[in-house]
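Asker: with the input below, show me the fold.
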Amino acid sequence: MPDHPARLRALRDHLARARLDGVVVPLTDEHMSEYVGDYAQRLAWLTGFEGSAGTAVVLADRAAIFTDGRYTIQVREQVSGTDWDYVGVPETSVSAWLAAHAPRGARIGYDAWLHPRTWVEEARAALATVEATLEPVATNPIDAIWHDRPAASAAAMQVQPDRLAGRGAAAKRADVADWLGAVGADATVITALDSIAWLLNLRGADVARTPVALAYAIVHRDGTAELFVAPEKVTPAVAEHLGNAVRVRDRAAFVAGLDALAGKRVAIDPALAVAAIADRVEQAGGVVLALRDPTVVPRATKNAAEIAGHRAASLRDGAALTRFLRWIAAAGPAGGETEISAAERLHAFRAETGVLRDLSFDTISATGPHGAIPHYRVTPESSLPIAPGELYLVDSGGQYEDGTTDVTRVVPIGAPSDEMRDRFTRVLKGHIALATATFPPGTNGGQLDSLARRPLWDAGLDYAHGTGHGVGSYLSVHEGPARIAKPSYPGGGAGEPLLPGMILSNEPGYYKAGAYGIRIENLLLVVERAVAGGDAPMLGFETLTLAPIDRDLIDPALLDETERAWLDGYHARVAAALTPLLDRDTAAWLAERCAPLPH
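Answerer: Residues are numbered from 1 along each chain as shown. Prediction:
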């Protein structure tokens with residue numbers, strides 16, 4: 001087992017030698033990624049925390065780990081309360097905590113390749129109130145003591161064919177060039193890995209569960225581009241695909257590429273680019289324009305080919321999940337299965353499609369109290385047996401060449417309690433309310449979020465995570481810019497208008513600490529919707545995910561006729577779509593699970 005207290009002591013010793021009074025350790029990489037490669041798992045290495053969002057601050061006599069409401073339980077299970085203070089965000093920011101706890105006149109270190117400029121400015125201002133300073137470090141302090149740190153992936157890139165991408169890379173670069181002309185910029189630095197993958201119609205295998213390659217790109221006003229990537233990743237097929245208009249350079253030459261922008265007006269997204277990049281351009285004599293990455297919205301608004309691909313992926317993924325749901329319904333009550341064995345079985349069903357490239361994230365396979373941890377990650381040490389009387393929650397997805405899936409279902413192991421059925425039905429009511437929403441163009445996810453929460457609010461209940469996130473096209477399972485969430489939700493996105501072609505999740509939930517968790521998740525496509533008798537254009541959602549929702553957890557008395565009609569219609573669609581892909585016994589099981597609710 002890792003000795004995390006010893007690692008914390010080693011870090012403090014290193015800080016003392018470097019004449020630093022503290023350091024900030026975020027969970028990200030030099031691309032501001034949500035999911036990062038093993039080489040960048042600095043927060044997990046130092047603290048033991050395995051969630052997907054968090055930050056640590058280490059001072060000479062105190063240390064704190066910052067997580068949001070999704071990880072309130074998980075962080076306490078994985079990180080020692082003896083060595084670390086648990087701090088919730090957004091209630092308390094890292095900057096505010098530093099201002100309250102850093103010694104007067106302290107020097108706090110940070111890695112400029114891991115933080116955006118906005119955070120650096122905020123932290124500097126907060127520390128100035130106690131006459132402390134924020135100091136960039138030449139070498140990341142964690143890297144200096146992490147002696148067996150893994151190397152970055154050397155996996156080759158692959159071409160995403162135009163028939164699945166829907167548009168060629170040259171056309172996408174031309175759009176970026178037109179945008180550069182419109183905003184008066186000479187070039188833009190693209191740093192987000194999924195943006196680069198989408199722009200150049202490339203995929204990779206450098207980050208677990210996300211098909212991207214470690215690279216940077218600079219796109220110029222004439223439509224040409226430079227791709228900074230390790231040479232071993234560029235196969236002959238990739239080189240042919242990129243053509244002469246994309247100059248491939250070693251990733252190690254990226255800083256020199258920034259220096260070459262001297263005298264240029266350079267667009268850089270302040271939300272996606274680390275501070276070191278803008279700093280370097282300005283030091284070289286370039287002018288930085290703080291503008292959104294021009295690929296973000298086009299990437300999120302899927303074209304016809306991408307939508308068709310997602311529908312195909314949803315169909316095969318739904319058949320695999322249905323086979324699993326039939327299996328767990330029988331195997332769970334029989335005993336002998338665990339959270340890990342169930343996750344492995346679901347992975348096997350997806351793999352049997354013959355076209356699974358990867359999971360889209362580590363499967364959340366959670367029984368009983370672990371279901372109350374929204375982003376629980378099962379390990380051999382934490383895996384519980386699946387036992388009667390509990391709820392089993394499985395949140396999972398697949399990466400296929402034509403689409404990325406994400407779906408959550410809950411299965412009762414044996415007979416559920418009345419409370420479980422009440423809570424599940426309220427979550428279902430919220431799910432249906434969002435799925436059936438009609439709204440005008442310009443509406444954002446923050447305005448829709450309360451639709452999914454109201455049935456829970458009516459009973460004095462709520463959940464501490466967002467209701468929906470964007471999903472990529474064989475890219476990141478968590479994709480910006482839009483999100484369905486409370487306006488104050490960490491990470492933003494709730495104010496982003498929803499546009500036709502966006503794919504977002506619909507996943508309200510309920511969590512009873514120490515007992516069980518409930519979440520019902522489908523993916524939704526934003527579509528144009530005509531309203532009879534209306535005089536304004538409207539938008540709505542098409543549900544893409546196809547899998548039965550457990551009827552044993554539903555209290556029909558809590559559903560109104562409209563909600564019943566939606567559920568019966570959804571189940572009829574699920575049965576019709578999936579039955580041709582299933583064996584006879586599974587099809588018969590699905591027919592029973594998708595029958596109309598009794599009155």
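Asker: helices along the stretch 101-250 of the chain, start to end?
Answerer: 117-128, 141-145, 162-165, 169-183, 193-200, 236-242 (DSSP state H, counting those that start in this stretch).
Asker: contacting residues for the nearest residue in space to residue 195 that is not next to it in sequence?
Answerer: Once flanking residues are discounted, residue 195 sits nearest to residue 295: 4.5 Å by CB to CB, 6 or more residues apart in numbering. (Glycine included, C-beta is placed from N, CA and C.) By CB atoms under 8 Å, 6 or more residues apart in numbering, the contact set of residue 295 is 172, 176, 190, 195, 198, 199.
Asker: I figured the fourth one hits residue 272, correct?
Answerer: Yes - because the distance of 7.4 Å satisfies CB atoms under 8 Å, residue 195 is recorded as touching residue 272.
Asker: among the helices of the stretch 101-250 of the chain, which is the most enclosed?
Answerer: Most buried of the helices of the stretch 101-250 of the chain, by mean neighbour count (mean count of other CB atoms under 10 Å): helix 193-200, with a mean of 27.
Asker: on that earlier part again, residue 259: which of the contacts of residue 295 is nearest?
Answerer: Nearest to residue 259 among these, counting by CB to CB, is residue 190 at 17.5 Å.
Asker: how much space separates the closest one from residue 63?
Answerer: For residue 190, the distance to residue 63 equals 35 Å [CB to CB, to the nearest Å].
Asker: more crowded one of these two?
Answerer: Using other CB atoms under 10 Å, the more surrounded residue of residue 190 and residue 63 is residue 190, with 29 against 23.
Asker: so what's the gap between the helix or strand of the chain with the lowest mean pLDDT and the chain middle?
Answerer: Least confident helix or strand, the chain: helix 72-78 with a mean of 87, by mean pLDDT, DSSP states H and E. On the basis of CA atoms, centre = their mean, to the nearest Å, helix 72-78 sits 19 Å off its chain's mean C-alpha point.
Asker: for that helix, which outside residues touch it?
Answerer: Residues contacting helix 72-78 (CB under 8 Å, 6+ apart): 47-51, 54, 65, 67, 86, 88, 372-373, 375-377, 382, 464, 513.
Asker: among these, name the ones in strands.
Answerer: Those of the contacts of helix 72-78 mapping onto strands are 65, 67, 86, 88, per DSSP state E.
Asker: tally of neighbours for residue 91?
Answerer: Counted with other CB under 10 Å, residues neighbouring residue 91 total 11.
Asker: now a ChimeraX select for only the buried ones of the ones in strands among the contacts of helix 72-78.
Answerer: A single ChimeraX command selects the buried members of those (16 or more other CB atoms under 10 Å):
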select :65,67
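Asker: with respect to residue 204, which of the ones in strands among the contacts of helix 72-78 is nearest?
Answerer: For these, the nearest to residue 204 is residue 67 (28.7 Å; CB to CB).
Asker: contacting residues for the closest residue to residue 197 other than its chain neighbours?
Answerer: Nearest residue to residue 197, sequence neighbours excluded (CB to CB, 6+ apart): residue 212, at 4.9 Å. Neighbour list for residue 212: 193, 194, 196, 197, 203, 204, 206, 475, 476 [criterion: CB under 8 Å, 6+ apart].
Asker: and what of residue 578?
Answerer: 315, 318, 319, 322, 546, 547, 587, 590.
Asker: just the buried subset of those residues, please.
Answerer: For the contacts of residue 578, burial is judged from neighbour counts taken by 16+ other CB under 10 Å, and it is met by 315, 318, 319, 322, 546, 547, 587, 590.
Asker: distance of the fourth one relative to residue 568?
Answerer: In other words, residue 322. Residue 322 is 18 Å from residue 568, by CB to CB.
Asker: the third one too?
Answerer: Shown here: residue 319 relative to residue 568, a distance of 21 Å by CB to CB.
Asker: now swap in residue 585 and tell me
Answerer: For residue 585 relative to residue 568 (CB to CB), the value is 23 Å.
Asker: the two: which is more packed in?
Answerer: residue 568 (14 against 9).
Asker: contact partners for the more buried one?
Answerer: 596, 597.
Asker: wasn't it part of a strand?
Answerer: No - if the criterion is DSSP: H, G, I helix; E, B strand; the rest coil, then residue 568 is helix and not within a strand.
Asker: would you mind measuring from it to residue 549?
Answerer: Applying CB to CB to residue 568 and residue 549 gives a distance of 11 Å.
Asker: where do the strands sit along the stretch 451-599 of the chain?
Answerer: 468-470, 479-484, 503-506, 509-512, 516-519, 522-529, 538-543 (DSSP state E, counting those that start in this stretch).
Asker: residue 309 is nearest to which of those?
Answerer: So among the strands of the stretch 451-599 of the chain, strand 503-506 is nearest, using CB to CB, at 11.0 Å.
Asker: show me what that closest one is packed against.
Answerer: Counting contacts by 3 or more CB pairs under 8 Å, 6 or more residues apart in numbering; DSSP states H and E, strand 503-506 packs against helix 418-435, strand 468-470, strand 479-484, strand 522-529.
Asker: dump the residue contacts of the most centrally placed residue in the chain.
Answerer: By CA atoms, centre = their mean, the chain has its centre lying nearest to residue 478, at 2.9 Å. Neighbouring residues of residue 478 by CB under 8 Å, 6+ apart: 34, 35, 469, 470, 471.
Asker: show me which pair in those is furthest apart.
Answerer: So, those by CB to CB: farthest apart are 35 and 470, at 14.5 Å.
Asker: buried residues of stretch 92-106, list them for me.
Answerer: 93, 94, 95, 97, 98, 99, 101, 102, 106.
Asker: show me what the spatially closest residue to residue 220 that is not a sequence neighbour is bridged to.
Answerer: Once flanking residues are discounted, residue 220 sits nearest to residue 187: 4.9 Å by CB to CB, 6+ apart. With DSSP bridges as the criterion, the beta-bridge partners of residue 187 are residue 220, residue 266.
Asker: pretty sure residue 187 contacts residue 264?
Answerer: Yes - using CB under 8 Å, residue 187 is in contact with residue 264, at 5.7 Å.
Asker: higher neighbour count, those two?
Answerer: Legend: neighbour count by other CB under 10 Å for residue 187 and residue 264, higher for residue 187 (26 against 18).
Asker: I'd like to know how far that one sits from residue 519.
Answerer: Taking CB to CB, one finds residue 187 at 43 Å from residue 519.
Asker: circling back: nearest to residue 257, of the buried ones among the contacts of residue 578?
Answerer: The closest of the buried ones among the contacts of residue 578, once distances to residue 257 are taken by CB to CB, is residue 315, at 42.8 Å.
Asker: how is that closest one assigned, secondary-structure-wise?
Answerer: Going by three-state DSSP: residue 315 is helix.
Asker: returning to that earlier point: okay, the strands of the stretch 451-599 of the chain in TSV with mean pLDDT, mean neighbour count and distance to residue 6 next?
Answerer: Converted to TSV, these look like this (pLDDT from 0 to 100; neighbours: other CB atoms under 10 Å; distance: least, CB to CB, whole Å):
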stretch	mean pLDDT	mean neighbour count	distance to residue 6
strand 468-470	98	26	37
strand 479-484	96	25	38
strand 503-506	98	26	40
strand 509-512	98	23	34
strand 516-519	98	26	34
strand 522-529	98	20	43
strand 538-543	98	19	50
